[in-house]
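In: sequence? don't have it. structure:
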């Protein structure tokens, strides 16, 4: 038996805004500790991980581990119908994920489970030279600034500043932010703007984003709840650049 | 002579959001008691009735009955230009309906009357086994919930609950609302979602909607002002369903 | 050396909403007195003039006159990225206009200067029989009213009222506003609605618009800051009408 109850739907909604932009199908893995998913996009460029601990839920019951395979678009369509003050219940019957919103009325949606073998992706373990946090808004805004000139962005950090940079046919753009953290090494990599934009749809998960970068290494972008009861993490391969 | 003045344009605006989605042309019938229209859509699926009593208007003069034929799209275009704090005056000259908005400026719009024979539709008289009211918002929201899975909706009522239900390729949706009314009989019918959505554009006419339904009978959906000085009513034929 | 600093970006943003809709390239002319531009659209129908005095800026340095040629679309793309509480700095390097927004982060955009000979348009000197001011909102709203019936508008004034009028296939619209100014002569001309709409994108420059009109003469539309430190002015050729 699996049953999980949340006092509001926004955590799921904001997570799946991003997740459904990246992968078509996911497998929830549930056990007594909580709900988890690991997935890799078709192009093997973005890895994503969602972890919602049992303690995050108002009520959480999971007698034995379950694997719940669903279509992310179908799940997102349902989540979009939630209202901020709805209670959300997740449960399972034979062959369906059941999502119930309780507000003025009781609204029950069933999504057919996908019947398939699914090997969840394993998160790669990476040692990063640098890690720092910046406001989510600032990061999102920087990516949108870059978008007017280029489809790729150079992200770099030194002991003082986080920088986002791009150059295009008609000009260039450079964003600098004093991060106030104890970053010891410099690091810089170039990423696809489109891929980062997909991640940034999860904009209500956390006020801050933690970036881990290295020289020509993948980007790890981690959104954590203050309570540490939930984390949404993305890992993005760097672009291979011709010398310029 | 016909002259009618309203202290704000929203009643007309919200009515014609729905009416102009359903019928191309209407005939206002005015007499000393007020302004009225009855119309049937091309496919003879939706009948609509609007009744605005003379007492609803700040000023109302109608010496002798008039029949005013106009294009609903043209009328809606004008109504959309109104502002909530405009006074609205309706009158006639030779060949035009004159709509005047009085606010910061005096803005006068003329719409050419349609010169045609018009036989107004007669509202069918139906005896319903059940009638109940629910919040307009809840009804509108339920229809939008259904929309993610299907293009038709089953509406039903029993002594306790109002239910909207649909099933689709990827799942199903079920909405339940405890109506708190003295409904004695059960009733259920299936309707086109698109047709109901057209009616729901009149979403500022009333906070509540009264539904009359039976088994495989038409749906009557009535929006009434608290003051009983105005009513907008729709009647929708049920869908004929193959057995499922 | 050229350097100009504004405490907020909205003056530039609203000006260039209109300017970039009218002309593809402009030449800023800067000297110790301020920043100025004169331009004529391709069809020679609209002339535009922007004048921002040195005193408008928080800091303004211009050692020697400069001519800065830029693409208006590229400039608008950058201005759209500003936030209302950003400080804005304009400066030049070899070959670029540099726009810096200072807020949470420091965001620097460079736009390549256009290398070309540019003969700035000279504003025509016109003696008008009438000049009067009306609220910008009212003017904008009137133009949008007209839009539902026609692609041209007749603007006229007499001692009492400003009027906007149009007639179309399905009706007509007439807007009247008591202007309360000492206009002695009547005047009336017909203009392209599309061309006026372009100008009205500068809707945050000023609360009022001054209109100068004559009989079959160009329209001058002037937006002035209360402080008189800035002016955005448009001059629009009248439409030549067949007799009707």
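Out: Noted; the coordinates are in hand. Owing to the predicted nature of the structure, the values given are computational and were not obtained by experimental measurement. Residues are numbered from 1 along each chain as shown, chains lettered A, B, ... in the order given.

In: Most remote residue from the middle of chain A, which is it?
Out: Centroid-distance maximum for chain A: residue A:170 at 32.6 Å, with Cα atoms, centre = their mean.

In: thought that residue was touching residue C:111?
Out: Yes. With contact defined as Cβ atoms under 8 Å, residue A:170 reaches residue C:111; the gap is 6.5 Å. From N, CA and C alone the C-beta is placed, and that goes for glycine too.

In: How about the lengthiest helix in chain A and chain B, touching?
Out: Ranked by residue count under DSSP state H, the longest helix found in chain A is helix A:10-22. No. Using Cβ under 8 Å from any Cβ of the partner chain, helix A:10-22 stays clear of chain B, with a minimum separation of 13.6 Å.

In: contacts for that helix?
Out: With contact meaning Cβ atoms under 8 Å, 6 or more residues apart in numbering or on different chains, helix A:10-22 is reached by A:6, A:26, A:37, A:39, A:41, A:46, A:48, A:50, A:52, A:56, A:72-73, A:75-76, A:79-80, A:82, A:84, A:88, A:198-205, A:225, A:230, A:232, A:234.

In: Would you mind listing the buried residues in the helix or strand following that helix?
Out: Once the chain leaves helix A:10-22, the next helix or strand it forms, by DSSP states H and E, is strand A:25-31. Residues of strand A:25-31 classed as buried by neighbour count (16 or more other Cβ atoms under 10 Å in any protein chain shown): A:26, A:27, A:28, A:29, A:30.

In: so which of those would you say is closest to chain C?
Out: Chain C has its nearest neighbour among these in residue A:26, at 33.9 Å by Cβ to the nearest Cβ.

In: residue contacts, the closest one?
Out: Contacts were defined as Cβ under 8 Å, 6+ apart; by that measure residue A:26 touches A:19, A:37, A:39, A:69, A:70, A:72.

In: How about residue A:89?
Out: When contacts are taken as Cβ under 8 Å, 6+ apart, residue A:89 is in contact with A:3, A:4, A:5, A:98, A:99, A:100, A:102.

In: Around chain C, pick out the residues from chain A.
Out: Taking Cβ under 8 Å from any Cβ as the measure of proximity, chain A contacts chain C at A:135, A:137-138, A:141-142, A:144-145, A:148, A:170-177.

In: Between those, identify the one with the most neighbours.
Out: Highest neighbour count within the residues of chain A next to chain C, by other Cβ atoms under 10 Å in any protein chain shown: residue A:142, with 27 neighbours.

In: Secondary structure class of it, three-state.
Out: helix (DSSP: H, G, I helix; E, B strand; the rest coil).

In: does it really touch residue A:164, like I thought?
Out: Yes. Residue A:142 lies in contact with residue A:164 (Cβ under 8 Å); the separation is 4.3 Å.

In: what sits in contact with each of these two?
Out: A:153, A:175.

In: Quick check: residue A:75 is in a helix.
Out: Yes. Assigned with three-state DSSP, residue A:75 falls within a helix.

In: who's in contact with it?
Out: A:16, A:20, A:97, A:99, A:111.

In: Show me chain A divided up by domain.
Out: Using automatic domain parsing, the domains assigned to chain A come out as A:2-112, A:130-236.

In: Can you add mean pLDDT and give the ones you listed back as JSON lines?
Out: Listed next are these as JSON lines, based on pLDDT from 0 to 100:
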{"stretch": "domain A:2-112", "mean pLDDT": "96"}
{"stretch": "domain A:130-236", "mean pLDDT": "96"}
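
In: got JSON lines for these, with distance to residue B:158 too?
Out: What follows is the domains of chain A, written out as JSON lines (distance: least, Cβ to Cβ, whole Å):
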{"stretch": "domain A:2-112", "distance to residue B:158": "15"}
{"stretch": "domain A:130-236", "distance to residue B:158": "39"}
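
In: For residue C:128, find the nearest of those domains.
Out: Residue C:128 lies closest, by Cβ to Cβ, to one member of the domains of chain A: domain A:130-236, at 40.0 Å.

In: What about the spatially closest residue to residue A:202 that is not a sequence neighbour, how many residues nearby?
Out: Nearest residue to residue A:202, sequence neighbours excluded (Cβ to Cβ, 6 or more residues apart in numbering or on different chains): residue A:18, at 3.8 Å. Using other Cβ under 10 Å, residue A:18 is surrounded by 23 other residues.

In: And residue A:123, how close does it get to residue A:26?
Out: 14 Å (Cβ to Cβ, to the nearest Å).

In: Report the contact partners of the residue farthest from the centre of chain A.
Out: Counted by Cβ under 8 Å, 6+ apart, residue A:170 has contacts A:149, C:71, C:74, C:111, C:112.

In: now for stretch A:206-216, what's the gap between its first and last residues?
Out: End-to-end distance for stretch A:206-216, by Cα to Cα, to the nearest Å: 27 Å.
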